[in-house]
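[1] Compute the structure for the input listed below.
(chains A and B)
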Amino acid sequence: MRGFILRLLGRTGDSGGAGADARTDGDARTDGGTTTQETAVGQSRLTSVLDSEFVRSLPFWLPAALFMGLFVYGAIGWNFVISLTDWSGLQPDPDYGTLGFEMYGQMLSDPTFITAARNTVVLLVAFTAVTLLLGLVLAILVDQQIRFENTLRTIYLLPMSLSFVVTAIFWAWMYNPEIGVINVFLRTVGLGYFAQAWISDPQFKLAAVIFALMWQFSGYCMVVYLAGLRAIPTEQYEAAKTDGASSYRMYRRVIIPQLRASTTSAAVVLMVFALKAFDFLFVLFGPVPGPSADILSVMMFREAFRSTNWAYGSAIATVLFLMALGVIGPYLYLQYTRGDL
Amino acid sequence: MSNRRETRDESRFDIDKRRVGVYAALLAMVAFYLAPLESGLMTAFKTQDAFFGSTPFAPPPPSGVTVAPWFEAWSRLQQGVFNSILLAVPATILSAIFGSLAAYGLTNVNWRGQVAVIVLFVAGIFVPYQSVLVPLTQFWTMVDLPGLLAAVPVLADRAQLIELILTHTAYGIPICTILFRSYYATIDAEMLEAARLDGATVGRIYWKIILPLSVPIFAVTLIYQFTQIWNDLLFALVILSDPSNQVVTLSLNQLKGSMVQQYNLQMAGAFVAALPTLVVYVLFGEQFAEGVAGES
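    Numbering: from 1, shown residues only, chains lettered A, B, ... in the order given. Sure, this is the predicted structure:
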């Protein structure tokens, strides 16, 4: 009897989160139901808690959750506390006795911070936009029933497998004003006028970084968009074709609007990356990229680990965390309401 | 009749033109993605004079071919490569194991409130490393791992590397858990229910059913995680101060800093440092793509 009910409930459990909850409820109810005496109910509740799925699942996820929780969320909290102290220099420990928001005040009157914050936002917006666009174009091209699709996809995604240290070295060479590929190419095709000192000229520094990062991340966007495109039923393409819609119109009106979920998730990943982008800029410019390419993540490292302004670095780090939270908070909420978590 | 055929031919011609356009665009993109690698590879085989004198993406002239930069780069980076292997292999395996166990506990075993824990895991993927760097260094100073390991000199010498392994494991757990979770969610719940009814414990179900089914997702996670850890610079930069524990990204960055004008050496070094991840990528590109896509 109990087995039958469980099996029945188990089947409803397949339909997702709500069903799964119903199953745990049902489990407790069948336990209570088999014993009709009132006194036994409380006892069986205790044993059912001890014997519940929750308790039995603990050894599996709790160690990982504690380990991760300590390092990630514990450290974020600790970082915030440090940002309230005035810890700097060779003091071995922060003085937790006097806490206050001085560092955050200092930040607002620090022109370096303002510039770095502005550059961070520019990087975030521009990098996300161009990378998504190129990724979408690539995905549409690859989706045209072409030959060698696997090879091409492998080539487009290749930069994602490389370290930023490696790609920064490649791009420093690409951007070399005299003998770098970019300028040599421009001169060869007769556009020598456009040749620039890409990574030393303050005017182009940030754009050069964005272009190189687009090179590295567009393959990732292609993968995400391609999965989105492949999820659209072929009938819709055919319907649009028989309606006489041009390819451009078909993509514009029918296909691209359906890729919203892909765009959202890829954009979140790109934006969060833009906030924490460090390795690439650090290898290219060192700890002091100059006002035109300084971003918060590099400034945080410089303040804390080069100038030993630990508390100030922590305050910048808190700002970075809040910005990341501003991006992922709504995304997680969206996923939660959709039942995707 | 003839008129109609004409239009059909015309439209076929249009389609062919369109195909040509698509392939031309695809090829142009291939050139775009491979240009930095190709010119880097060519430069790495050129002598100092040759790369100043020749087009960056052209092969070296016969008089300007050399393999010296490769030997030089290898001798400067070999210690780093060795340390990176010592770092990436255990950290990858540990985070994958933690991820698999956690995903099982949070997916195939049902209990209320899972979602709250899962949100913390998903958010953990996106936390900028910067927001934990200062406490992290403070934490490892307080723990004093070299002191704790003093009794075992082999480990004490590697203390900073062990700190880095544990750090990468902790920060790898969220993405590993989510990768495993999306895979475990597709496992037939009825089969697990049947095993439960036969009296199998939660642990036995993991060991006998889930783990054997996990081989493909272990491949994805291990490949993705190995690449991430091998490629990281920031954690290494703040945790490793001892030169004998230096990993390859640090050595490569130093090589770039000290050999400013020697592009051939820099390029050879970049390829030496990237070789393990390139090999993994070429062999397991599909799995890598799956890991990358799983991040979103």
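
[2] Secondary structure element for the residue of chain B found nearest chain A, which one?
    Proximity to chain A, evaluated over chain B using CB to the nearest CB, is greatest for B:Gly105 at 3.0 Å. Yep, even glycine has a C-beta here, placed from its N, CA and C like the rest. Taking DSSP states H and E as the definition, B:Gly105 sits inside helix B:68-107.

[3] low-scoring stretches of the stretch 1-150 of chain B, by residue?
    Residue ranges of the stretch 1-150 of chain B with pLDDT under 70: B:1-15, B:109.

[4] all helices for it, in order.
    Secondary structure of the stretch 1-150 of chain B (DSSP state H, counting those that start in this stretch): helices at B:2-44, B:48-53, B:68-107, B:114-126, B:130-143, B:145-148.

[5] Quick check: nearest residue in space to the residue nearest the centre of chain B, chain neighbours excluded?
    Geometric centre of chain B, nearest residue: B:Thr227, 1.7 Å, by CA atoms, centre = their mean. Leaving aside its chain neighbours, B:Thr227 sits nearest to B:Thr277 (5.0 Å; criterion: CB to CB, 6 or more residues apart in numbering or on different chains).

[6] Now do the contacts for the one you found.
    B:Thr277 is in contact with A:Ser161, A:Leu162, A:Ser163, B:Phe226, B:Thr227, B:Trp230, B:Asn231, counting by CB atoms under 8 Å, 6 or more residues apart in numbering or on different chains.

[7] ditto for A:Gln335
    A:Leu341, B:Val122.

[8] Go through the helix or strand hosting it and flag the buried ones.
    Per DSSP H and E, A:Gln335 falls inside helix A:310-338. The neighbour-count check on helix A:310-338 (16 or more other CB atoms under 10 Å in any protein chain shown) flags A:310-321, A:323-325, A:327-328, A:331-332, A:335 as buried.

[9] Could you check how far stretch A:227-246 is from the centre of its chain?
    Mean-position distance between stretch A:227-246 and its chain equals 30 Å (CA atoms, centre = their mean, to the nearest Å).

[10] how about that stretch: buried residues?
    In stretch A:227-246, counting by 16+ other CB under 10 Å, buried: A:Ala227, A:Gly228, A:Leu229, A:Tyr237, A:Ala240, A:Ala245.

[11] And for stretch A:84-99?
    Across stretch A:84-99, burial judged by 16+ other CB under 10 Å covers A:Leu84, A:Thr85, A:Asp86, A:Trp87, A:Ser88, A:Pro94.

[12] what's the answer for stretch B:34-43, then?
    Using 16+ other CB under 10 Å as the test for burial, stretch B:34-43 gives B:Leu34, B:Ala35, B:Pro36, B:Leu37, B:Ser39, B:Gly40, B:Leu41, B:Met42, B:Thr43.

[13] ok, which of those also contact chain A?
    Taking CB under 8 Å from any CB of the partner chain as the test, chain A is in contact with B:Leu34, B:Ala35, B:Pro36, B:Leu37, B:Ser39, B:Gly40, B:Thr43 out of the buried residues of stretch B:34-43.

[14] who touches A:Ala266 in this structure?
    Counting by CB under 8 Å, 6+ apart, A:Ala266 makes contact with A:Leu132, A:Gly135, A:Tyr220, A:Cys221, A:Val224, A:Tyr225, B:Ser296.

[15] quick one: the fourth one and A:Leu132 touch, right?
    Yes - here A:Cys221 lies in contact with A:Leu132, judged by CB atoms under 8 Å, at a distance of 5.6 Å.
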